[in-house]
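Q: What would the 3D arrangement of this be:
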Amino acid sequence: MKSALRIAGPARPRALRPPRRHLPGEADGVAAKLRRLLAHARGHRRALVLTHDNPDPDALASAVALAHLLERLAGVEAVVAYGGIVGRAENRALIRVLKLPVVPVSRVVFDEHDLVCMVDTQPEQGNHSLPARIFPDVVIDHHPPRPETRLVPVADVGGHMGSTSTLLANYFRESGLSIPPALATALYYGIKADTRDLGRETTPQDVETYLWLFPMVDKEALVEVEHPRLPAAHFRLLHTAIERARQYGHAVVCDLGEIYAPDVVAEVAERFLFLDRVKWSLAFGTYEDQLYFSLRVGDRRMNAGRLIREVIEEKGGVAGGHGSMAGARIPLRGLAPAARARLRQELVQRFLAEFGARTRRPRKLV
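A: Below you'll find the model as predicted:
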């Protein structure tokens, strides 16, 4: 498969230098991390940069940015791939409008790549399509570190960044490369989407990077990405969500049934957190024999990632996230309809208990 990283004219690399002040909390300088990455990458022939399944804007932007850096600074041809589907209209528009060079993982021959990178996910996360026989060389992710990630040769994970796009944008700042407008726009939108306009899980590094990127953003393209034409299925989904949502005190729970794309559960969970006096928002739905969950928390004292892992992983699922937002999925293949219904009910009751919500007489929204 020929690399398609053609999103700008020639970039002129300069010597690595620190063009910005390092903010508190940056224990290891970005320049040192970038040097370590490039030292490991040089000499390899072909890189695969893999996002988590059903990627969001942060994952897509970060993966394309890493591939661009590998090609321009390490001379390594790179392919960006994702498992699952890109379902939300905004996410599809991000790829289409900015012409991001990403391909479904079904088109990847893993043995053709001698450098494997994971972005916005980690080996143990379980929300990716990397075969178990392959261990990554590089992992870059803003989520809390998982134990296996410590074994990765080059890892930049954890910390308190609001998005992985912030990490990759700062690699560009340290590299001296000029950043293509399409890529600047993608990284800007990745930060914007993951931090909810800098209003969630945001650090000074996210804010400074967001402002640094803004002058380079293609504003007309950004408008097209943020306000795409929506399919009729989107409005049917909203109708179903409002009808099926149940409010238990400060918590809203919504069973969407069958869904047309896995990432719509996150959209619904996000939307219900705007409901007055709601602190917990949980949405879930079934797509291709997988039960997908998305959790949003409006109380800074709570940790959505920790909670969803505790509830889902004991049922054989995979989960991940951080303070205010998290997602998970559980395989349903082989379960009879009655068993699937029981599982959904058990999980809802478990979540409600963790929320401290009253389980009697839930209130309909309409």
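Q: alpha carbons only for contacts and neighbour counts from here, please
A: Noted.
Q: Could you check how far residue 289 is from residue 283?
A: Plainly put, residue 289 is 17 Å away from residue 283 if you go by C-alpha to C-alpha, to the nearest Å.
Q: Just say helix, strand or coil for residue 139.
A: Secondary structure assignment for residue 139 (DSSP: H, G, I helix; E, B strand; the rest coil): strand.
Q: Now do the contacts for it.
A: By C-alpha atoms under 8 Å, 6 or more residues apart in numbering, residue 139 lies in contact with 117-119, 121-122, 149, 152, 154-157.
Q: just how off-centre is the helix or strand hosting residue 267 within its chain?
A: Taking DSSP states H and E as the definition, one finds residue 267 inside helix 264-272. Relative to the centre of its chain, helix 264-272 is centred 14 Å away, using C-alpha atoms, centre = their mean, to the nearest Å.
Q: Then stretch 252-266?
A: For stretch 252-266, the separation from the chain centroid amounts to 17 Å (computed by C-alpha atoms, centre = their mean).
Q: I'd like the average pLDDT over it.
A: Averaging pLDDT along stretch 252-266 gives 95.
Q: Just flag the most distant two among the contacts of residue 139.
A: 121 and 154 (13.9 Å; C-alpha to C-alpha).
Q: Looking at those two, which one has more neighbours?
A: Applying other C-alpha atoms under 10 Å to residue 121 and residue 154 shows that residue 121 carries more neighbours, namely 28 against 22.
Q: count of residues packed around residue 228?
A: Residue 228: 16 surrounding residues under other C-alpha under 10 Å.
Q: actually residue 44, not the one I wrote
A: Neighbour tally, residue 44, other C-alpha under 10 Å: 14.
Q: can you check residue 106 too?
A: 12.
Q: ok, now the one 3 residues further on?
A: Residue 109: 10 surrounding residues under other C-alpha under 10 Å.
Q: How about residue 79: what's its closest non-neighbour residue?
A: The spatial neighbour of residue 79 that comes closest, neighbours along the chain excluded (C-alpha to C-alpha, 6 or more residues apart in numbering), is residue 48 at 5.1 Å.
Q: ok, the one you found to residue 71 distance?
A: For residue 48, the distance to residue 71 - C-alpha to C-alpha - is 11 Å.
Q: Among those two, which residue is more densely surrounded?
A: Between residue 48 and residue 71, counted using other C-alpha under 10 Å, the more crowded position is residue 48 (25 against 19).
Q: Check the secondary structure at the more buried one for me.
A: In three-state terms, and counting by three-state DSSP, residue 48 is strand.
Q: Was I right to think it contacts residue 109?
A: No: using C-alpha atoms under 8 Å, residue 48 makes no contact with residue 109, being 9.7 Å away.
Q: Show me what the helix or strand where residue 222 lies is packed against.
A: Using DSSP H and E, residue 222 falls within helix 219-226. Counting contacts by 3 or more C-alpha pairs under 8 Å, 6 or more residues apart in numbering; DSSP states H and E, helix 219-226 is packed against helix 89-98, helix 181-194.
Q: Can you lay out these as CSV showing distance to residue 333, mean pLDDT and mean neighbour count?
A: Formatted as CSV, the helices and strands packed on helix 219-226 follow (distance: least, C-alpha to C-alpha, whole Å; pLDDT from 0 to 100; neighbours: other C-alpha atoms under 10 Å):
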stretch, distance to residue 333, mean pLDDT, mean neighbour count
helix 89-98, 28, 96, 18
helix 181-194, 31, 97, 25
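Q: got the ones you listed as TSV, with distance to residue 252 columns?
A: Converted to TSV, those look like this (distance: least, C-alpha to C-alpha, whole Å):
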stretch	distance to residue 252
helix 89-98	24
helix 181-194	21
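Q: Show me which residues of the helix holding residue 222 are buried.
A: Using 16 or more other C-alpha atoms under 10 Å as the test for burial, helix 219-226 gives 221-222, 224-225.
Q: quick one, that helix and helix 181-194 angle?
A: Interaxial angle of helix 219-226 relative to helix 181-194 (axes from the mean of the first three to the mean of the last three C-alpha atoms, to 10 degrees): 40 degrees.
Q: Helix 219-226 vs helix 89-98, what angle?
A: Going by the same axes, to 10 degrees, helix 219-226 is angled at 150 degrees with respect to helix 89-98.
Q: With only the CA atoms kept, save helix 219-226 in PDB.
A: Only the C-alpha atoms of helix 219-226 are listed here, as PDB (Å, rounded to 0.1, in the frame of the first residue of the first chain):
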ATOM      1  CA  LYS A 219     -11.000  28.600   9.200                       C
ATOM      2  CA  GLU A 220     -13.300  27.800   6.300                       C
ATOM      3  CA  ALA A 221     -12.400  24.100   6.500                       C
ATOM      4  CA  LEU A 222     -13.000  24.100  10.300                       C
ATOM      5  CA  VAL A 223     -16.500  25.500   9.800                       C
ATOM      6  CA  GLU A 224     -17.300  22.600   7.400                       C
ATOM      7  CA  VAL A 225     -16.000  20.100   9.900                       C
ATOM      8  CA  GLU A 226     -17.900  21.400  12.900                       C
END
